[in-house]
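**Q** Give me coordinates for this.
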Amino acid sequence: MNVTTARRGGLLSTERRTPPGPDPLPLSQRRREALHLDIARAAVTLFTSRGVTATTGEHIAQAVGISSRTLWRHFPRKESCVRPLLTAGLDAAVAALEHWPASIRLVQYIESLQEHPALATPDPAVLDLLRLARTDPDLRAVWLQAHDDALPVIAGLLARRSGGRPDNLDVQVHAAIVNSALRVGAENFALHSASTCPTATPHLLRALRLAAQGLPY
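**A** I've put the predicted structure just below:
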């Protein structure tokens with residue numbers, strides 16, 4: 001999992017903050033990531049307007065201005081085209097946890113980020129995608145797989161925090177709880193409050209508070 005730092009949208013962001021100094025990513029990789037996000041956004045727009053079933057890979061490729069052959073070189077099926085939007089937000093969450101001070105608990109740390117620029121307006125494309133994933137099983141599978149792929153990364157962070165090992169059962173269960181809280185909090189915000197609340201932070205905090213009741217962090 002490629003951990004990046006979000007510029008906006010916090011745990012639902014898809015934009016990477018440009019670090020000071022030279023960009024550590026090669027130009028080819030940056031172009032590849034930009035193309036993947038363009039494809040993902042086009043896919044969400046078409047899925048929302050036409051429906052997932054009625055949208056083809058050819059439609060997505062045409063919307064981006066690439067050939068179908070190029071599209072399939074990057075993604076194995078049309079539903080997987082949205083994955084970059086989902087993994088970028090998870091990368092932002094993990095990047096935030098990388099800076100979690102040892103002196104404070106998890107919920108306190110997340111609360112301290114409420115005024116951070118990275119927790120501004122969530123990305124509308126991600127919110128649309130989470131709404132679609134509620135009823136479309138193939139998109140839901142992509143969303144759940146993104147979280148499953150993030151699980152060992154979160155376990156590694158908690159292991160360093162506790163001095164344990166990532167394969168320790170306690171660490172793995174704690175990582176699963178944190179991971180699920182982030183997922184459910186994001187879904188709850190997208191489905192119920194995105195139209196009335198400018199930020200997902202309260203929903204994520206509430207989910208993490210509930211999860212942290214049984215966590216030693």
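
**Q** okay, CA-based contacts and neighbour counts for the rest of this
**A** Noted.

**Q** Can you point out the buried residues in the helix or strand hosting Leu97?
**A** Secondary-structure element containing Leu97, defined by DSSP states H and E: helix 83-98. Applying a neighbour-count criterion of 16 or more other Cα atoms under 10 Å, one finds 83-97 buried in helix 83-98.

**Q** which helix in the chain runs the most residues?
**A** When the chain is parsed with DSSP state H, its longest helix is helix 137-162.

**Q** got the contact list for whichever helix or strand comes after that one?
**A** Proceeding N to C from helix 137-162, the next assigned helix or strand is helix 169-188, under DSSP H and E. Outside helix 169-188, the residues that touch it by Cα atoms under 8 Å, 6 or more residues apart in numbering are 11-12, 130-131, 147, 150-152, 154-155, 158-159, 164-166, 200, 203-208, 211, 215.

**Q** How about the secondary structure of Ser103?
**A** coil (DSSP: H, G, I helix; E, B strand; the rest coil).

**Q** Neighbours of it, how many?
**A** 7 (other Cα atoms under 10 Å).

**Q** Spit out the contact partners of it.
**A** Contacts of Ser103 (Cα under 8 Å, 6+ apart): none.

**Q** now swap in Val107 and tell me
**A** Contacts of Val107 (Cα under 8 Å, 6+ apart): 205, 208-209, 212.

**Q** re the thing from before, packing partners for the helix holding Leu97?
**A** Under the contact criterion of 3 or more Cα pairs under 8 Å, 6 or more residues apart in numbering; DSSP states H and E, helix 83-98 touches helix 27-50, helix 124-135, helix 137-162.
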